[in-house]
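> task: produce atomic coordinates for the following.
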Amino acid sequence: MEEVPNPFRVGLSFSLSNTRHRVVFLRLAQLVQDEPGMSLHTGQNGLLLHRREIPEFGEPEAFVTPIYCQDDADALAQLRCKIIAHVDLAQTGQFCRVLHDNEKIGQLAAEHFLERGFHKLAFVGPKAMSSTHERAIGFENHLREVGHAPEALEYVHDEEITDFCRRFQGGEVPPAVFCADDQITWQVLAVMRKLGLRLPEDAALMGVGPDELAQAVSPISISSVLMDNQGQASAIFQLLRKACKGALGEREEVRVAPTGIFEGESTGYFSPSDPLVAKALERIRSDDAPRDAAQLARSLNVSRRVLERHFQEAIGRSPAQELRRARIELAQRLLRTTDLSIDLISERCGYEHARHFTEMFRKMTGETPAKYRREMKL
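Okay, the predicted model is just below:
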C-alpha cells in the first residue's frame, strides 16, 4: 500500500491476555492498517499504545482505550485527541463509547433458562459494577415481562458464592445460575468442583463469552451468551472513520448486541422432581442412548404416551425433542474436541445420513457443523 503523508494516527490500548480484547484488537488493527489515510500509533511493543506511554511517544489523533476507573477518565480528559472507550466502568459519559449491549446479554440468558424449563434462577455478580448491573437489569426485566415470580430470582455477590453453592448440595431442584462475567464463571466452577457438585445435574450454569478459562477447567462445555467482538471492532472503526473526517461528536455511543447463545452441556438438562423423567434424561445422555422415543419408553417399561405426558408436565418438552437436543450436544462436543470427520460424527450421534445430520444441526444451532467447528477453533 502506498504510504500516505501525515496519516490519521490511531492508538489502541487493549489487554491482549483477555480473549475478547485480543479478538477486537486484531480485527481493529487490521482495519486501521488497511484504511488509506490511517496508521497505527504504537508504543514500545510496536502493537499497542498504553496511556502512560503517550508522554514519550506522543499523542495520536484518536485513542481507543478501556476506562476502568475515575482516575483513568481524569487522565484521558487531559489529552487533546479523540477518545473512544471500548470498556467504561467509570460511567463518566465524557467520551465516545462502543460497548456491548449488556441489558440484551442479560435478556438472552433469561430467555435461554426459561426455554430450558428452569424456574429457580440466580444472578451471580456485583451489581455495583456498571456492566454487571446492566446485565442484571436485562435479566430481571425479561423475567418480569413474562410473569416470572420475582421471589424466585436471587442475586449473589461474589463473596457469597461458596455459601450459595452449599445450599443446593442437598438435592434441591437445581437453580439456573447466570454468571455476569468470565471471572465469576471461573469462581463458581471452582467452588462447585471443591464441593463435589456436578454440572448440570446439581446446577445449570451460564456465562458470557464463551470464556476459554472456564471451558478449560470444566469437564463439560459451558453455555454462554456470545458477545459480538468482531462487531465491536467494526463499530469502533466506523467512529474512527468519522473522526478522521472531523465528523465525530464528543459523546457518541454505540451498543453492540450479542450474537446469540452458545448452547453447552452446562444447561443441557436438569434433574426434575418427576423420577420417571429424571431417569429418562439419564438414559438419553448415557453411552447407549435409545434411538427414538419408542425405544426410550420400552427401556423404562412405560408406554410412549405415558412418557410424553410426564415429559410435558415436568419440563414442557417431548422425549423426541430431548433426544434431538442430546444428539446435537454430543455433536458439538465432538466437533470441538476431536478431528473426526462430519460423516463419523454424524454416525456416532445416531444419524444414518450426514445430510440429515447437517440439516438438523443447522436447524437447532443456526449454523452448519463445519462452520461451528471453525468458530470454536478460532
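> you'd agree residue 259 is up against residue 228?
Yes - using C-beta atoms under 8 Å, residue 259 makes contact with residue 228 at a distance of 4.8 Å. For every residue, glycine as well, the C-beta is placed using N, CA and C.
> what touches both of the two?
Here residue 259 and residue 228 share no contacting residue, scored by C-beta atoms under 8 Å, 6 or more residues apart in numbering.
> all the helices of the stretch 151-300 of the chain, residue numbers only.
161-167, 182-195, 212-217, 229-244, 275-284, 293-299 (DSSP state H, counting those that start in this stretch).
> flag the shaky bits of this structure, pLDDT-wise.
1-5, 127, 149-154, 158, 168-174, 211-219, 269-273, 376-378 (pLDDT under 70).
> measure residue 204 to residue 369 for me?
Using C-beta to C-beta, to the nearest Å, residue 204 is found at 25 Å from residue 369.
> show me which helix runs longest in this structure.
Longest helix of the chain, by residue count under DSSP state H: helix 319-337.
> which elements pack onto that helix?
Using 3 or more C-beta pairs under 8 Å, 6 or more residues apart in numbering; DSSP states H and E as the contact definition, the elements that helix 319-337 packs against are helix 275-284, helix 293-299, helix 304-315, helix 342-348, helix 354-365, helix 369-376.
> could you save these as JSON lines and add columns showing distance to residue 8?
Listed next are the helices and strands packed on helix 319-337 as JSON lines, based on distance: least, C-beta to C-beta, whole Å:
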{"stretch": "helix 275-284", "distance to residue 8": "58"}
{"stretch": "helix 293-299", "distance to residue 8": "62"}
{"stretch": "helix 304-315", "distance to residue 8": "56"}
{"stretch": "helix 342-348", "distance to residue 8": "46"}
{"stretch": "helix 354-365", "distance to residue 8": "41"}
{"stretch": "helix 369-376", "distance to residue 8": "33"}
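> give the next helix or strand downstream of the helix or strand containing residue 123.
Following DSSP states H and E, one finds residue 123 within strand 121-124. Toward the C-terminus, strand 121-124 is succeeded by helix 130-145 as the next helix or strand (DSSP H and E).
> list the contacts of that next one.
So helix 130-145 is in contact with 87-89, 91, 99-100, 102-107, 109-111, 114, 121, 123, 125-127, 150, 153, 155, 178, 180-181, 208, going by C-beta under 8 Å, 6+ apart.
> check stretch 339-349 too.
327-328, 330-331, 334-335, 338, 353-354, 356-358, 369-370.
> buried sites along it?
342, 345, 346, 349 (16 or more other C-beta atoms under 10 Å).
> then stretch 58-72?
In stretch 58-72, counting by 16+ other C-beta under 10 Å, buried: 60, 61, 62, 63, 64, 65, 66, 67, 72.
> gap between the two ends of that stretch?
Criterion C-alpha to C-alpha, to the nearest Å; first-to-last residue distance in stretch 58-72 is 18 Å.
> now that stretch, how far from the chain's geometric center?
When C-alpha coordinates are averaged (C-alpha atoms, centre = their mean, to the nearest Å), stretch 58-72 and its chain have centres 26 Å apart.
> domain parsing for this protein?
Domain assignment for the chain, taken from automatic domain parsing, gives 8-100+229-259, 102-227+262-267, 275-376.
> out of those, deepest packed?
domain 102-227+262-267 (a mean of 19; mean count of other C-beta atoms under 10 Å).
> first to last residue in that one, what's the distance?
For domain 102-227+262-267, by C-alpha to C-alpha, the gap between its terminal residues amounts to 21 Å.
> same check on stretch 206-220?
12 Å.
> before we move on, what about stretch 61-81?
5 Å.
> for residue 284, see how far away residue 346 is.
Counting by C-beta to C-beta, the gap from residue 346 to residue 284 is 18 Å.
> please apply the same query to residue 84.
For residue 84, the distance to residue 284 - C-beta to C-beta - is 49 Å.
> same question for residue 176.
Taken as C-beta to C-beta, the span from residue 176 to residue 284 is 19 Å.
> residues touching the residue nearest to residue 328 when sequence neighbours are not counted, list them.
Nearest non-adjacent residue to residue 328, counting by C-beta to C-beta, 6 or more residues apart in numbering: residue 364, 5.0 Å away. For residue 364, the contacting residues are 324, 325, 328, by C-beta under 8 Å, 6+ apart.
> closest to residue 192 out of those residues?
residue 325 (22.8 Å; C-beta to C-beta).
> quick check: the closest one touching residue 268?
Yes - between residue 325 and residue 268 there is a contact at 7.2 Å, judged by C-beta under 8 Å.
> just checking, residue 85 touches residue 97?
Yes - between residue 85 and residue 97 there is a contact under C-beta under 8 Å: 4.6 Å.
> any chance of the buried residues of stretch 58-72 in TSV, plus distance to residue 25 and secondary structure?
Shown next, in TSV, are the buried residues of stretch 58-72 (distance: C-beta to C-beta, whole Å; DSSP: H, G, I helix; E, B strand; the rest coil):
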residue	distance to residue 25	secondary structure
60	15	coil
61	18	coil
62	15	strand
63	14	strand
64	9	strand
65	11	strand
66	11	strand
67	16	strand
72	18	helix
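> okay, the helices of the stretch 151-300 of the chain in TSV with distance to residue 80 next?
Converted to TSV, the helices of the stretch 151-300 of the chain look like this (distance: least, C-beta to C-beta, whole Å):
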stretch	distance to residue 80
helix 161-167	44
helix 182-195	35
helix 212-217	38
helix 229-244	13
helix 275-284	62
helix 293-299	68
